[in-house]
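Undergrad: Sharing a sequence plus its predicted fold:
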There are 4 protein chains.
Amino acid sequence: MANSKFEYVRNFELPDPLLPNTWVVVRIDGRAFTKMCAKYGFEKPNDRRALDLMNTGAKAVVAELPEITIAYGISDEYSFVFHKSCNLFDRRASKLVSTVVSTFTASYVHAWTHHFPNTPLTSPLPSFDGRAVCYPSVQNLRDYLSWRQADCHINNLYNTTFWALIQLGGLDNKEAEKALAGTLAADKNEILFSRFGINYNNEPEIFRKGSVVFRDYELVEPGGEQQVAAAVDNLAEPVKQSKSQTENDKKRRAKAKILVTHIDIIKDDFWDRRPWILSNKPGRVPKEM
Amino acid sequence: MANSKFEYVRNFELPDPLLPNTWVVVRIDGRAFTKMCAKYGFEKPNDRRALDLMNTGAKAVVAELPEITIAYGISDEYSFVFHKSCNLFDRRASKLVSTVVSTFTASYVHAWTHHFPNTPLTSPLPSFDGRAVCYPSVQNLRDYLSWRQADCHINNLYNTTFWALIQLGGLDNKEAEKALAGTLAADKNEILFSRFGINYNNEPEIFRKGSVVFRDYELVEPGGEQQVAAAVDNLAEPVKQSKSQTENDKKRRAKAKILVTHIDIIKDDFWDRRPWILSNKPGRVPKEM
Amino acid sequence: MANSKFEYVRNFELPDPLLPNTWVVVRIDGRAFTKMCAKYGFEKPNDRRALDLMNTGAKAVVAELPEITIAYGISDEYSFVFHKSCNLFDRRASKLVSTVVSTFTASYVHAWTHHFPNTPLTSPLPSFDGRAVCYPSVQNLRDYLSWRQADCHINNLYNTTFWALIQLGGLDNKEAEKALAGTLAADKNEILFSRFGINYNNEPEIFRKGSVVFRDYELVEPGGEQQVAAAVDNLAEPVKQSKSQTENDKKRRAKAKILVTHIDIIKDDFWDRRPWILSNKPGRVPKEM
Amino acid sequence: MANSKFEYVRNFELPDPLLPNTWVVVRIDGRAFTKMCAKYGFEKPNDRRALDLMNTGAKAVVAELPEITIAYGISDEYSFVFHKSCNLFDRRASKLVSTVVSTFTASYVHAWTHHFPNTPLTSPLPSFDGRAVCYPSVQNLRDYLSWRQADCHINNLYNTTFWALIQLGGLDNKEAEKALAGTLAADKNEILFSRFGINYNNEPEIFRKGSVVFRDYELVEPGGEQQVAAAVDNLAEPVKQSKSQTENDKKRRAKAKILVTHIDIIKDDFWDRRPWILSNKPGRVPKEM
């Protein structure tokens, strides 16, 4: 059975490389998660178990793909940032997207029982879709992440107030919606505080800030490294370094703990103190105490 | 926290629609499955449990996405064929690929325990990558599937002989490789038969033919429908039909059993007797007996 | 001056191949031709000199690129159809589009003086933009060409009536526009005939049908070749033929006259009698008389 | 003749936008210019008339498209750089490429007689193909232009020596090729000087440096503006400015002379003194003297 007469079909697979020297963001989103939330009884406005499960998935992806320099998640979405010098899979979009989505899904399904011990998964199982977007400059990348974190804040303030009106205030969905129509952030804070005694700023940071995932090294004193962004933009192509340096970097990355935290990534401070996220040069691994 | 100043970053997401009126094949492949096989002790040359698990994943994908008209799997790869009239996700490549990969992975990980009850999954978990390829004509599509099935045959004959030489003949890997260098199919059949008493044609069809997955309707008498391929190529755009007809099709599809079988899809007979695969018109659901 | 440290910039040129086995249509359009028409005093509703100049450009493109099987032009646009088996420039979109646009523009500017002997070109010169679109089936391709020819008819009937109302009826632009608002084809025919004694069907075919450009061979008796479209759709990949056959085809193509005609290409008859346009097999060159 | 049943064919035109916030280089190349050179008797190693004609074409393109910030040409190729903030044609690749190629070709063919008064153009006419490439950072862009200018130097030194060996030294092509095999730049300089009394550095700059085209404003004192590149990389999106400012910029651009010069663009000096090329802010128009 000669296969050669069929092999021409390989020519139909068209190349899909992403532009070099750009930050690649692979963002994944839960498919039909509104139904999922209802089916598995996720708590409103936030289900801590579900967020922890998302973070378990994200850590697995970051651990598996060291080319990812930072990840950020809210609700049922997660964004994974590949460093602009990354050449994984020759930057083929479909390989990058499908590998992230598959690794995340595998971990999510596998860790489900750990986070929802009393709720067995049934068909259709949770799944995610994904896409890759390129950002040319550090500023573009940071604006992307700021956009997601600002979205987290806006949505969470709304949802927290909406569900307080329902769960504590006794309104139904339509009434709550109407009560919030046209309100500003200050109005929602006021409703929460005056009607329900809730200080929004005391809500858990995981709900207000989302989740930030990265390899953890020793923080750098602010001041010295503020030029990282400009320096990184200037890097026109992957830095060529010696094999031993590459090996050394690899070891440091492998040693580093993958941290899940819930802090502000819009302001400069986060980036100034963690120059390795933009530079891709692993920092000093903190000593265990 | 006004989000508007960051929203410009949405413009960086570039469109990736696939050409209309072409057959979309999403092919997924196991990542690093050579390691996986060793880690979980898959049997050689074929592990029936692993193939059944792949087929479980494929059935879940076909059940979830009725736009898939046929799927074909061998080893750790699976190809899913979306009908050329399919407009799912506006034919966006990344959505189609990531949804297939994620749905497959979820099912694979979830069903693992069923197929490997004594082998718990550990990190790194199995995962898959994927890609989408468009085929303009029925002939191109059939040649693609023929290419995969011919590959299945070639690889399986080689592997069966290779592992017979090792497991039954006591050779080591290098000796077996050397023994097979330059041999033709007939030579391998001869080695199997004369040295080990194995008639290759009696090997299980799932190993020799791979797995074919589709919705099952009543077979059609050969002869009447041979013009399906040409007729389908002539369809320039999705047929517009009445709502009730669409509803009717949907019900028939939902009722149809998703079959996993192991038969020849290179010859015309398979296609002639199952015109619904190319026409996308659900056939008659067979009566239960 | 070592160049090697800059050469990495070549990696930024991303591939842009068009899907194999699809008909490639490169359509070009005049840039800012409304201004051009005014500047050079083109006659309304149609300027025969300008159309002849467009056709001169189209003939040059078809002569230069034998992979083009048919071209169709109206007003300041032209569509060039590359046969689906064409592999020119490895089907790179930008090469195909830019070569067609450049060859057309060169001929247009060069032949200007011949068609407008008393109107010298001045800056900004006429120019054209272009794009490539793939059509998977013969039916798609014919529907594309039918779309353009139907557009030609609709626009020309409107313009003919519009300018008759102005040039013969003494209306101004706004009055003419108003007079035609909501009219059907029959109404426009009636206005032309009853008010101006113009029988639209006697208008020159170049205005009513546009221009069709192809290599001319002996017509085929209708009846024998009606299966060409289906047969061509079945061709999955470029037919492999002997070198002498290829040479022979090349000679026939070089001998064939490139015809500019103005006939119906929506009905089957045009295609049935000229099977070489879809099959890409040159026909019999007619004997000179 | 209802057109609606054909209109579906419009859906086959796929989008091709280029990534925002990247420098777009459209490079055009002469098609089959080796034949052209022979046909029209271009002088070797450089034909000044042919280069001037290329520069005439380039000036026309830059004049027509104010979004082009700089252009660079050698031999039969020209690169046009659109500022990274440019949104012309919504950054559609085929529109950008085809418009540049067409505008260039029109000017080239139209100005031919001026530069080659005694050599009428005949069919096939000169034509050009083109492609668009995106560069994310200023450094990438400058490296691209440096690559082209370094290529100019390398090719011209080779060609000057090669043709001196033939035209002055009486060698034939093969002998000249052999004489140069393995030689370094210093060797070629030495051959030129010792054998033919040619000091390569005295060769015309247009041959040694190629041609640089840009809008001319008052030079800036070096020192003050060296941060332009970093500042420009930081610009994440098009600067929003008042309408009157935009109008003002437009007027300055229109007033500015388009300069064709032949200078080093590899070193920083060129860029430091002409900050408007990277910043896209028109400078001060020099007073006429």
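TA: Arrived safely, thanks for sending. Numbers count the residues shown, from 1 in each chain, chains lettered A, B, ... in the order given.
Undergrad: For chain A, which segments are assigned as helices?
TA: Per DSSP state H, chain A has helices spanning A:33-39, A:48-64, A:93-115, A:138-167, A:173-180, A:185-196, A:205-209, A:228-234, A:243-255, A:268-272, A:276-279. These are given in chain order.
Undergrad: Out of those helices, flag the one nearest residue C:75.
TA: helix A:93-115 (39.0 Å; CB to CB). The C-beta positions use only the backbone N, C-alpha and C, and glycine is treated the same way.
Undergrad: Give me the pLDDT value at residue A:288.
TA: Looking at residue A:288, its pLDDT reads 61.
Undergrad: Now do stretch A:114-133, average pLDDT.
TA: Mean pLDDT, stretch A:114-133: 97.
Undergrad: chain center to it: distance?
TA: Stretch A:114-133 sits 16 Å away from the centroid of its parent chain (CA atoms, centre = their mean, to the nearest Å).
Undergrad: With chain B in mind, check whether it reaches it.
TA: Yes - for a cut-off given as CB under 8 Å from any CB of the partner chain, stretch A:114-133 has contacts with chain B, namely A:121, A:123, A:124, A:125, A:126, A:127, A:128, A:129, A:130, A:131, A:132, A:133.
Undergrad: Now the buried members of those.
TA: A:121, A:124, A:125, A:126, A:127, A:128, A:129, A:130, A:131, A:132, A:133 (16 or more other CB atoms under 10 Å in any protein chain shown).
Undergrad: Any regions of chain A where pLDDT drops low?
TA: A:1-2, A:223-227, A:237-239, A:288-289 (pLDDT under 70).
Undergrad: Near chain C, which residues of it? Just list them.
TA: Applying CB under 8 Å from any CB, we find that chain A lies next to chain C at A:8, A:11, A:12, A:14, A:15, A:17, A:19, A:20, A:21, A:236, A:237.
Undergrad: switch the cut-off to 7 Å
TA: Residues of chain A found near chain C (CB under 7 Å from any CB of the partner chain) are A:8, A:11, A:12, A:14, A:15, A:17, A:19, A:20, A:237.
Undergrad: Report the contact partners of the nearest residue to the second one once chain neighbours are set aside.
TA: Nearest in space to residue A:11, with sequence neighbours left out and distances taken as CB to CB, 6 or more residues apart in numbering or on different chains, is residue C:20 at 5.4 Å. In this structure, residue C:20 makes contact with A:11, A:12, C:91, judged by CB atoms under 7 Å, 6 or more residues apart in numbering or on different chains.
Undergrad: Pretty sure the second one sits against residue B:135.
TA: I take that to be residue A:12. Yes - Residue A:12 is within contact range of residue B:135, at 5.9 Å (criterion: CB atoms under 7 Å).
Undergrad: Looking at these two, which is more packed in?
TA: The residue with more neighbours, out of residue A:12 and residue B:135, is residue B:135; 25 against 22, by other CB atoms under 10 Å in any protein chain shown.
Undergrad: quick one: the more buried one from residue B:81, how far?
TA: Distance, residue B:135 to residue B:81, using CB to CB, to the nearest Å: 9 Å.
Undergrad: Common neighbours of these two, please.
TA: Shared contacts of residue B:135 and residue B:81, counting by CB under 7 Å, 6+ apart, come down to B:23, B:25, B:141.
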